[in-house]
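[1] for reference, the sequence and a predicted model appear below.
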Amino acid sequence: MRLKDKVAIITGAGMGMGREASVIFAGEGAKIVVFDINETAANETAALIAADGGEALVVVGDVSKEADVKAAIDAGVAKFGKLDILYANAGVLNKKLDLSVIDTTEENWDRMQAINLKGPFFLTKHGIPVLKQNGGGSIILVGSISALVGFTLAQDSYTCAKGALIALTKSLAIQFGPDNIRTNIIHPGMIDTPLQAPYLNEDKKKAIAAEIPIRRLGVASDIANAALYFASDESTFCNGAELVVDGGFFAG
Ligand SMILES: NC(=O)c1ccc[n+]([C@@H]2O[C@H](COP(=O)([O-])OP(=O)(O)OC[C@H]3O[C@@H](n4cnc5c(N)ncnc54)[C@H](O)[C@@H]3O)[C@@H](O)[C@H]2O)c1
């Protein structure tokens with residue numbers, strides 16, 4: 001029970017890494033605010049948590065809308081009395097519309113920024129005051145190895161949003177460390193989730209796995225377990241850290 005008595009809000013908790021983290025965190029004793037734009041997926045995550053004896057509150061909303069994010073935080077506090085963990089997991093890729101700067105429209109650039117960068121802005125803007133009231137907490141942001149090395153096939157808005165989250169991690173770590181609020185960022189490598197599904201088939205997976213020293217794609221639990229460490233009191237001296245979880249791709 002590594003998260004006993006803690007309350008976590010996880011954005012994008014309906015699928016992929018967010019769902020996996022919701023189930024793992026709940027299994028470790030946390031109550032979860034399951035926030036997602038997809039109501040069916042969010043309800044499925046909550047049902048998995050309930051089936052395992054855990055407690056979840058579903059809030060349907062869009063991380064790019066400030067009012068939705070604030071409403072989710074307020075609902076979580078009303079239901080569970082506090083928040084300890086802000087996990088800004090929701091993010092989107094769009095390999096058809098998010099391209100090199102020379103080929104991307106302003107509208108498509110802005111949509112990627114709105115979800116991938118403004119979403120974490122809204123979650124931390126409205127969540128940090130709640131953590132402060134509670135004497136501290138843990139903020140987990142999700143970057144990407146693309147922000148460290150770039151994509152071979154450019155997705156410049158996504159890459160820039162993820163890069164900006166590294167800067168935000170450092171800034172929040174310095175600002176709110178004195179309030180006992182830790183901010184850390186995880187950089188996933190290639191993880192087999194619904195986000196990647198439209199772009200993968202078995203042949204592509206084999207080709208990608210051959211480029212990764214561990215010789216497989218990641219799975220959602222690889223990232224959720226890293227997030228569990230940052231969420232738990234085992235990492236109370238980690239603040240402003242970047243954790244690459246990519247099977248060694250970045251090293252190779
Ligand atoms: N899968 C990878 O290979 C990979 C690699 C690097 C980084 N990441 C990052 O990891 C995070 C999780 O990715 P994943 O692969 O689990 O994604 P996923 O697509 O499998 O799941 C994302 C969830 O977020 C929800 N969501 C999407 N837009 C939303 C919005 N506007 N408001 C609220 N919820 C929204 C979706 O409904 C979905 O349930 C993202 O930030 C992603 O950018 C993923």
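    Received the coordinates, thanks.

[2] can you pull out the strands in the chain?
    7-11, 31-36, 56-60, 85-88, 137-142, 181-188, 242-245 (DSSP state E).

[3] chain center to the first one: distance?
    Distance, stretch centre to chain centre, for strand 7-11: 10 Å (Cα atoms, centre = their mean, to the nearest Å).

[4] so can I have JSON lines of the strands of the chain showing mean neighbour count?
    To be clear about C-beta, it is placed using only N, CA and C from the backbone, and glycine gets the same treatment. Output for those, formatted as JSON lines (neighbours: other Cβ atoms under 10 Å):
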{"stretch": "strand 7-11", "mean neighbour count": "29"}
{"stretch": "strand 31-36", "mean neighbour count": "29"}
{"stretch": "strand 56-60", "mean neighbour count": "21"}
{"stretch": "strand 85-88", "mean neighbour count": "28"}
{"stretch": "strand 137-142", "mean neighbour count": "26"}
{"stretch": "strand 181-188", "mean neighbour count": "25"}
{"stretch": "strand 242-245", "mean neighbour count": "18"}
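
[5] in JSON lines, list those strands along with mean pLDDT and distance to Lys96.
    Formatted as JSON lines, those follow (pLDDT from 0 to 100; distance: least, Cβ to Cβ, whole Å):
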{"stretch": "strand 7-11", "mean pLDDT": "99", "distance to Lys96": "24"}
{"stretch": "strand 31-36", "mean pLDDT": "98", "distance to Lys96": "23"}
{"stretch": "strand 56-60", "mean pLDDT": "99", "distance to Lys96": "26"}
{"stretch": "strand 85-88", "mean pLDDT": "99", "distance to Lys96": "25"}
{"stretch": "strand 137-142", "mean pLDDT": "99", "distance to Lys96": "22"}
{"stretch": "strand 181-188", "mean pLDDT": "98", "distance to Lys96": "21"}
{"stretch": "strand 242-245", "mean pLDDT": "98", "distance to Lys96": "27"}
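
[6] which stretch among the ones you listed comes nearest Met1?
    Of all these, it is strand 31-36 that lies closest to Met1, at 12.5 Å by Cβ to Cβ.

[7] output the closest one as PDB, restricted to C-alpha atoms.
    The C-alpha trace of strand 31-36 is given here as PDB (Å, rounded to 0.1, in the frame of the first residue of the first chain):
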ATOM      1  CA  LYS A  31      -8.400   7.200  -4.400                       C
ATOM      2  CA  ILE A  32      -8.400   8.300  -8.000                       C
ATOM      3  CA  VAL A  33     -10.100  11.200  -9.900                       C
ATOM      4  CA  VAL A  34     -10.300   9.600 -13.300                       C
ATOM      5  CA  PHE A  35     -10.400  12.500 -15.700                       C
ATOM      6  CA  ASP A  36     -10.800  11.900 -19.500                       C
END
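
[8] mind giving me the packing neighbours of it?
    Judged by 3 or more Cβ pairs under 8 Å, 6 or more residues apart in numbering; DSSP states H and E, strand 31-36 is in contact with strand 7-11, helix 16-27, helix 39-51, strand 56-60, helix 66-80.

[9] contacting residues for the residue positioned nearest the centre of the chain?
    For the chain, the residue nearest the mean C-alpha position is Asn89 (1.6 Å; Cα atoms, centre = their mean). Neighbouring residues of Asn89 by Cβ atoms under 8 Å, 6 or more residues apart in numbering: Ile10, Thr11, Gly12, Ala13, Met17, Gly18, Ala21, Ile140, Val142, Ala227.

[10] between those, which sits nearest the ligand?
    Nearest to the ligand out of the contacts of Asn89 is Gly12 (Cβ to the nearest ligand atom; 2.7 Å).
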